[in-house]
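>>> Sequence first, then the predicted structure:
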Amino acid sequence: MLTVTVTYETLAPVYVIAAEFSTLVLDPAMGRIPTVLCVVSGDKVMSPRKSERCQLRLMIGVLTLTGFGLAMSVAARAANSDGWYTPDQATHGHIVFNSYCAECHRPDLTGAMGPALIGDAFLKTWLNRPLGDLYEFEHSKMPANNPGSVPDDKLWTITAFLLQKNGFPAGSSPLSAQALSRKLAKAQ
Ligand code: HEC
């Protein structure tokens, strides 16, 4: 009996095959492929009923493989290690931002008494510097009317929200002090 150890490396080609099959499913010519496979797999010509059942099984097999491939690609994207924060963290960060920062920067970050925290001017200031520079600024200077009053855990969720709004990608782990020295750069 053949034993297969399933790792990401062995699954990746499955995804490729599944992706190819999924385009075939959309192709009207697909109907003919199971027929050919079924005829080849039987040593003698099958009765029409048996052949139909065989085709159905093949079709289900292909669809299962396709679904599996899709699940794999979603899992691969969720585990993206290039990301900065989790989507949940950024969503929560918006709420926290609204209660601590929005009175001066507006809930949509476009700025009022304080400058906009989104767009070119913001990126020009902070891009290509370590995240720690931005965090340290928020930590020591903000909120301008009560600097340092926001607890660290809340400030991290706020920072996750700022990164999300400025186009930095989400990843699989929350933004934290571990990223202090990571340079704020965007993938090209
Ligand atoms: C009372 C008004 C006020 C509040 C509340 C406030 N800010 Fe500010 N913020 C300002 C002002 C004014 C500046 C510009 C001062 C400066 O650059 O030194 C600023 C600047 C900033 C900058 C730098 C922007 C840039 O492009 O250089 C960041 C980042 C920032 N604030 C984040 C926050 C965060 C996060 C909060 C909530 C925890 C917050 N601010 C709350 C008034 C405020």
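Arrived safely. Numbering: from 1, shown residues only.

>>> Within range of the ligand, give me the residues from this protein.
Contact residues (C-beta under 6 Å from any ligand atom) of the chain with the ligand: 100-101, 103-105, 113-115, 117, 122, 125, 137-138, 141-145, 150, 158. In this view, the C-beta of every residue, glycine as well, is placed from N, C-alpha and C.

>>> Read off the pLDDT value for Gln188.
For Gln188, the pLDDT comes out at 54.

>>> hmm, I was thinking of Ser81
Ser81 is assigned a pLDDT of 65 by the prediction.

>>> now do Ile95
Ile95 carries a pLDDT value of 98.

>>> What are the buried residues along the helix or strand in which it is found?
Element membership for Ile95 (DSSP states H and E) is helix 87-100. The neighbour-count check on helix 87-100 (16 or more other C-beta atoms under 10 Å) flags 89-90, 92-94, 96-97, 100 as buried.

>>> Would you state the helices of this protein in chain order?
Counting by DSSP state H, the chain has helices at residues 8-26, 32-41, 48-78, 87-100, 102-105, 120-126, 131-141, 152-165.

>>> model confidence over the longest one, on average?
Averaged across helix 48-78, the pLDDT comes to 67.

>>> Likewise for stretch 160-177?
Averaged over stretch 160-177, pLDDT sits at 97.

>>> end to end, how far does it reach?
One end of stretch 160-177 sits 12 Å from the other (C-alpha to C-alpha, to the nearest Å).

>>> Kindly state the domain boundaries assigned to the chain.
Here the domain assignment for the chain is 8-78, 87-179, based on automatic domain parsing.

>>> neighbouring contacts of the helix holding Ile95?
Helix 87-100 is contacted from outside by 85, 105, 107, 143, 150, 154, 156-164, 170, 174-175, using C-beta atoms under 8 Å, 6 or more residues apart in numbering.

>>> Stretch 135-145 now?
100-101, 104, 114, 147-150, 152, 155-156, 158-159, 180.

>>> Neighbour-wise, which one of the residues you listed leads?
Within the contacts of stretch 135-145, most neighbours by other C-beta atoms under 10 Å means Ile158, with 27 neighbours.

>>> who's in contact with that one?
Residues near Ile158 by C-beta under 8 Å, 6+ apart: 93, 96-97, 100-101, 138, 150.

>>> The same query, at a cut-off of 10 Å, please.
89-90, 92-101, 117, 135, 138, 142, 150, 175 (C-beta atoms under 10 Å, 6 or more residues apart in numbering).

>>> What of Ala102?
Residues near Ala102 by C-beta under 10 Å, 6+ apart: 94, 96, 108-109, 112, 114.
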